[in-house]
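Enquirer: sequence and predicted model, in that order:
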Amino acid sequence: MPSFKPFAAAANTLRSRLSPSLRTRGGGGHGPSRWTSPGHEDHPKGLPFSRTPPPPGESRKWEDWELPCYITSFLTIVILGVGLSAKPDLTIETWAHQKALERLELEAAQPAVDSD
């Protein structure tokens, strides 16, 4: 039976090399985080996307990417809905049903042969 000591040693080595980076990557380390830039809020204000709402009576101004994104999404849904509803039925059950109907029609069209 093979020994598991080399695997245990490799696992310990890997764990010892990865554990410091795993502890500090989530922000538990000292100093600035490597994932944030200066001026970044560590604790958001509790608003969606950390944006302040517009004053009462004013609507939010759309950004440049929103209209093309919404139009493309809507057209994608329409094209997929029409395309998937109009696709041909290519299941094996449908094919077998059509072949069985063809065979029944052929049997009905042939004259009955008496075996005297």
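Expert: Happy to help now that I have it.
Enquirer: list the buried ones in the least confident helix or strand in the chain by mean pLDDT?
Expert: The weakest-scoring helix or strand in the chain, judged by mean pLDDT, DSSP states H and E, is helix 5-23 (a mean of 75). Within helix 5-23, not a single residue qualifies as buried, counting by 16 or more other C-beta atoms under 10 Å. For the C-beta atoms, the positions are set from N, CA and C on the backbone; glycine is no exception.
Enquirer: how far out from the middle of the chain is the helix or strand that comes right after it?
Expert: Downstream of helix 5-23, the first helix or strand assigned by DSSP states H and E is helix 66-85. Here helix 66-85 is found 17 Å from its chain centre; the criterion is C-alpha atoms, centre = their mean, to the nearest Å.
Enquirer: with stretch 92-99 instead?
Expert: Centre to centre, stretch against its chain (C-alpha atoms, centre = their mean), the figure for stretch 92-99 is 33 Å.
Enquirer: for the remainder of this discussion, apply numbering that starts at 48.
Expert: Will do, 48 is the new start, and the previous item becomes stretch 139-146.
Enquirer: need the per-residue pLDDT for Gly74.
Expert: Confidence at Gly74, expressed as pLDDT, is 49.
Enquirer: no, scratch that, I was asking about Glu88
Expert: pLDDT, read off for Glu88, is 62.
Enquirer: and Thr141, how far is that from Lys134?
Expert: Distance, Thr141 to Lys134, using C-beta to C-beta, to the nearest Å: 12 Å.
Enquirer: which of these two has more neighbours?
Expert: Higher neighbour count among Thr141 and Lys134: Thr141, with 11 against 8, using other C-beta atoms under 10 Å.
Enquirer: which element is that one on?
Expert: helix 139-156.
Enquirer: quick one: list the elements packing against that helix.
Expert: For helix 139-156, the contact count by 3 or more C-beta pairs under 8 Å, 6 or more residues apart in numbering; DSSP states H and E identifies no helix or strand as a packing neighbour.
Enquirer: so how far is that helix off the chain centroid?
Expert: Here helix 139-156 is found 41 Å from its chain centre; the criterion is C-alpha atoms, centre = their mean.
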